[in-house]
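Participant: how does the following fold in three dimensions:
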Amino acid sequence: MSQRTVQTQRKEAAVFCSNAASKSNACMLLLQQLSPRRLGSRLALALGGHARFLAAWTHEVGQPSNLVQSYISRSHDPYLNLSIEHYLLQHSPHDSKILFLYVNRPSIVLGRNQNPWLEVNLRLLNDGKKAAQGLLGDVQLVRRRSGGGTVFHDEGNVNWCVVSPPADFTRDKHAEMVVRALRQHGIERARVNERHDIVLDHGQIRHEHDANDLHRTPFTSDDPTAPRSIKVSGSAYKLTRKRAMHHGTCLLSSPNLSIIPRYLRSPACPYIKAKGVESVSSPVGNIGLEVGVFTQAVCEAFSAMYGAKNGLQEVGVEALEEPKIKEYMDESKVGHWTCIFTVEAGLTRADTRLDLRSNTSIHVLDVQDSGRSEGAA
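Facilitator: Residues are numbered from 1 along each chain as shown. Prediction:
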């Protein structure tokens, strides 16, 4: 390798490491491949700056005087984003209010008390051959720590999370915050329904209504024959003694709406009896806003609600240098947590029952599709 090539690669390494989205381990791996005998001062400064950035971020999260915080993730890794979310829940001041926004690559996220065999068509996941059949080919299965139903994430969906003291929590409060953000951008059909989801009314007749009512729109109808509302955001919650977390999805421009039901329809469903929470199917649709417009609108609505003075602060894979976040991420990737940590379930054929928790070699994935109704998103 020529001296010029080595110098070029060192320069690229320095740029790579100075990017806040890069973590130290990745930088060191690249440098090992180059086998330099000495680190240049520029690279050393980049790594030092990275460490200072992480230390400042973790300090800011836990600072008792930092009572209103807003973050947005640069990463699309569902394991990492859910781990950052859990860190914010566990390590932020008990009286603080925190907004966290993130977008995940294609993934299916189970609720804590759900059974993957009952909720997901597992044979479609992480199979490159499926891409030729109009599917995505690589979809990850992740279990979150909150309850609720199974959802599908992709780059056209923004996930929003608010962590607050329990006294500031209701099942509608932060969904209403998101509706305010949507209405600021002309989405007047958005409202919070009786299930605490955000929906778009599809009625054709405009009615008089109170503009401050976040549970009805000019197109809300009590007529059971009227067009059904379209779900664009579902919520889940996690409550601890001192903290409350409310997080939800928001479908903006997902290109995968037509195939989501294929992933969220388990062919084994008729053959399984299980305790726990089953997802409630709903028709879904896109709102039509750009991701950047939506995240800024939600940040402004959060700031108006809690008096935040600073805008969204970015965080990314460098968060893995925080031991607790890495611990949470490692836990979430363990197969026992994703698939075996589940409520009691068994296969049923006449009087035959098999425990899916203790026998992981059971294969039920070649059963033909049962025609289960459309999955929720």
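
Participant: which regions of the stretch 151-300 of the chain sit below the pLDDT cut-off?
Facilitator: 273-277 (pLDDT under 70).

Participant: now with 90, please.
Facilitator: 203-205, 207, 209, 222-227, 265-282 (pLDDT under 90).

Participant: as a check, name the ranges of all helices in the stretch 251-377 of the chain.
Facilitator: 260-263, 291-306, 323-333, 335 (DSSP state H, counting those that start in this stretch).

Participant: what does the shortest one rub up against?
Facilitator: For helix 335, there are no external contacting residues (C-beta atoms under 8 Å, 6 or more residues apart in numbering). All C-beta spots, glycine's among them, are computed from the backbone N, C-alpha and C.

Participant: give me whichever of the helices of the stretch 251-377 of the chain is most buried.
Facilitator: Ranked by mean neighbour count under mean count of other C-beta atoms under 10 Å, the helices of the stretch 251-377 of the chain are led by helix 260-263, which reaches a mean of 20.

Participant: how far does it sit from its chain's centre?
Facilitator: Helix 260-263 sits 17 Å away from the centroid of its parent chain (C-alpha atoms, centre = their mean, to the nearest Å).

Participant: spatially nearest residue to residue 236 (excluding sequence neighbours)?
Facilitator: residue 148 (3.1 Å; C-beta to C-beta, 6 or more residues apart in numbering).

Participant: burial count for that neighbour?
Facilitator: Residue 148 sits with 23 neighbouring residues when counted by other C-beta atoms under 10 Å.

Participant: give me the pLDDT value at it.
Facilitator: For residue 148, the pLDDT comes out at 90.

Participant: coming back round to it: quick one: which of the helices of the stretch 251-377 of the chain is nearest residue 158?
Facilitator: Among these, helix 291-306 comes nearest to residue 158, with 5.6 Å by C-beta to C-beta.

Participant: name the element residue 191 belongs to?
Facilitator: Per DSSP states H and E, residue 191 falls inside strand 190-192.

Participant: elements contacting that strand?
Facilitator: helix 173-183, strand 198-200 (3 or more C-beta pairs under 8 Å, 6 or more residues apart in numbering; DSSP states H and E).

Participant: hmm, try it at 10 Å
Facilitator: helix 173-183, strand 198-200, strand 230-233 (3 or more C-beta pairs under 10 Å, 6 or more residues apart in numbering; DSSP states H and E).

Participant: what's the domain layout of the chain?
Facilitator: Following automatic domain parsing, the chain resolves into domains at 1-52, 63-355.

Participant: most tightly packed of these?
Facilitator: Buried most deeply of those, by mean count of other C-beta under 10 Å, is domain 63-355, with a mean of 18.

Participant: quick one on the thing from earlier: ok, the strand holding residue 191: who's next to it in the sheet?
Facilitator: Strand 190-192 pairs in its sheet with strand 198-200 (antiparallel), by DSSP bridges.

Participant: hmm, residue 176 is touching residue 298, no?
Facilitator: No. Residue 176 is beyond contact range of residue 298, at 12.0 Å (criterion: C-beta atoms under 10 Å).

Participant: you'd agree the residue nearest to residue 236 is in a strand?
Facilitator: No. Residue 148 is assigned coil when assessed by DSSP: H, G, I helix; E, B strand; the rest coil, not a strand.

Participant: state the distance from it to residue 289.
Facilitator: Per C-beta to C-beta, to the nearest Å, residue 148 is found 23 Å from residue 289.
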